[in-house]
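[1] Need coordinates for the below:
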Amino acid sequence: MKSSWIAKSIAFDGKVRIIFMDNTHLLQQIFNRRTMGPVLKEALGRTVSVAGLIAGILKEPQQMSLKIKTSSPGVNIFADADASGNVRGYLSEEWFQLPSEGLSLGQIIGSRGNIQVVQETGANRMFTGITDMPYANITDDISHYYGQSEQTLTWVTLNLCIDHEKQRVSSSRGILAQLLPGGNPGLMQQVKEMVDGSDFMLSRHQKDQAHHELLLCPPGGWAILETKPLQWYCECSKEMLSNLLLGLEREELASLVLQAEPAEVVCSHCGEKYGFSPIEIQSLLDIFQGRRTIP
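    Numbers count the residues shown, from 1 in each chain. A predicted model of the protein is given here:
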């Protein structure tokens, strides 16, 4: 069965941390949940991908939330990830009001875009960092964020290939490299040259190949510290979404019951759809009216 994964490694005599990722299957799952145009897929795909890479540098039980605020009011991107490899991402509804053609991701992000990262560091402590987005492409902006907000030299690269005609993610791979204490900044250039000399990012025919055969051989050696799957997650449930129906007016609930047809509620975070039968809606109406009947 196809799966998405990240591999955590250390290289250059322990001076550089490198995270390798293949999240092709994960992005396909996300794109199957809602119809999106090419620019929206690029925006969400890049954001979820960098969140997946960040998951590789988290330690249990840490988790992080990523918010990308563009220059257009309300047009934002959100992603969450934790140290177990659980990832979620979604677009604000304002994205779906944008023209379907004529705008690039860079134009939407614009000169006033910013990145906000909220990370739980343990013991109920939170760290929040905010930086601008000088590159307006998300990938390089995340590298910029770590350099500015956390003073950690970081390089992130992604290769996201989407066949829009077939509605299929052909390949999505990424690498995050960070200089560790005591490392020479020049090592990052060696990492880039090493990646350029490999086929990990470019090959579309090795998705099912064991990840250890895809990694690189830097001077000073390297070692895989951990591998783990990346998987989609959302905390939504039918019970949780029923509260949205309870937020309707009593007359609206009664009207749904009279229609004698199922109602559908969609989670705004992940796109999961939950159906409610007329009997279930009647039960909610009984709750609304302060009494409970058994059908």
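[2] which sections of the protein are below the confidence cut-off?
    Counting by pLDDT under 70, the chain contains low-confidence residues at 1, 203-221, 288-295.
[3] Can you give the domain ranges for it?
    The record's domain split for the chain, according to automatic domain parsing, is 4-232, 238-288.
[4] Tabulate these (CSV), appending mean neighbour count.
    (Glycine included, C-beta is placed from N, CA and C.) Output for these, formatted as CSV (neighbours: other C-beta atoms under 10 Å):
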stretch, mean neighbour count
domain 4-232, 17
domain 238-288, 15
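[5] which residues in the chain form helices?
    In the chain, the helices defined using DSSP state H lie at 24-31, 38-55, 105-109, 139-149, 187-196, 238-246, 250-259, 278-288.
[6] Quick check: phi and psi on the closest residue to residue 272 other than its chain neighbours?
    Distances taken as C-beta to C-beta, 6 or more residues apart in numbering place residue 236 nearest to residue 272, at 5.9 Å, with adjacent residues excluded. Here is the backbone geometry of residue 236 (degrees, to the nearest 10): phi -70, psi 160.
[7] what's the answer for residue 71, then?
    Phi and psi for residue 71, reported as degrees, to the nearest 10, are phi -70, psi -20.
[8] related to what we said a few turns ago, now render the helices of the chain as JSON lines, adding distance to residue 5.
    As requested, the helices of the chain are exported to JSON lines (distance: least, C-beta to C-beta, whole Å):
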{"stretch": "helix 24-31", "distance to residue 5": "9"}
{"stretch": "helix 38-55", "distance to residue 5": "10"}
{"stretch": "helix 105-109", "distance to residue 5": "26"}
{"stretch": "helix 139-149", "distance to residue 5": "20"}
{"stretch": "helix 187-196", "distance to residue 5": "18"}
{"stretch": "helix 238-246", "distance to residue 5": "29"}
{"stretch": "helix 250-259", "distance to residue 5": "43"}
{"stretch": "helix 278-288", "distance to residue 5": "39"}
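[9] What's the separation between the closest residue to residue 265 other than its chain neighbours and residue 226?
    Excluding the flanking residues, the one nearest residue 265 by C-beta to C-beta, 6+ apart is residue 241, at 4.6 Å. Residue 241 is 35 Å from residue 226, where distance means C-beta to C-beta, to the nearest Å.
[10] Residue 114 now?
    Applying C-beta to C-beta, the value for residue 114 to residue 226 is 32 Å.
[11] cool, residue 34 as well?
    32 Å.
[12] Let me see the contact set for residue 152.
    Neighbouring residues of residue 152 by C-beta atoms under 8 Å, 6 or more residues apart in numbering: 146, 178, 179.
[13] and these as CSV, adding distance to residue 286?
    Converted to CSV, the contacts of residue 152 look like this (distance: C-beta to C-beta, whole Å):
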residue, distance to residue 286
146, 53
178, 56
179, 61
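[14] Tell me the bridge partners for residue 86.
    residue 231 (DSSP bridges).
[15] An error on my part: the question was meant for residue 91.
    Counting by DSSP bridges, the residues bridging with residue 91 are residue 77.
[16] could you list every residue that touches residue 176?
    18, 19, 21, 50, 53, 54, 56, 57, 154, 155, 156.
[17] Look up how far residue 201 lies from the closest residue in space to residue 168 that isn't next to it in sequence.
    Among residues not flanking residue 168 along the chain, residue 28 sits closest, at 6.9 Å (C-beta to C-beta, 6+ apart). When C-beta to C-beta is the yardstick, residue 28 and residue 201 sit 18 Å from each other.
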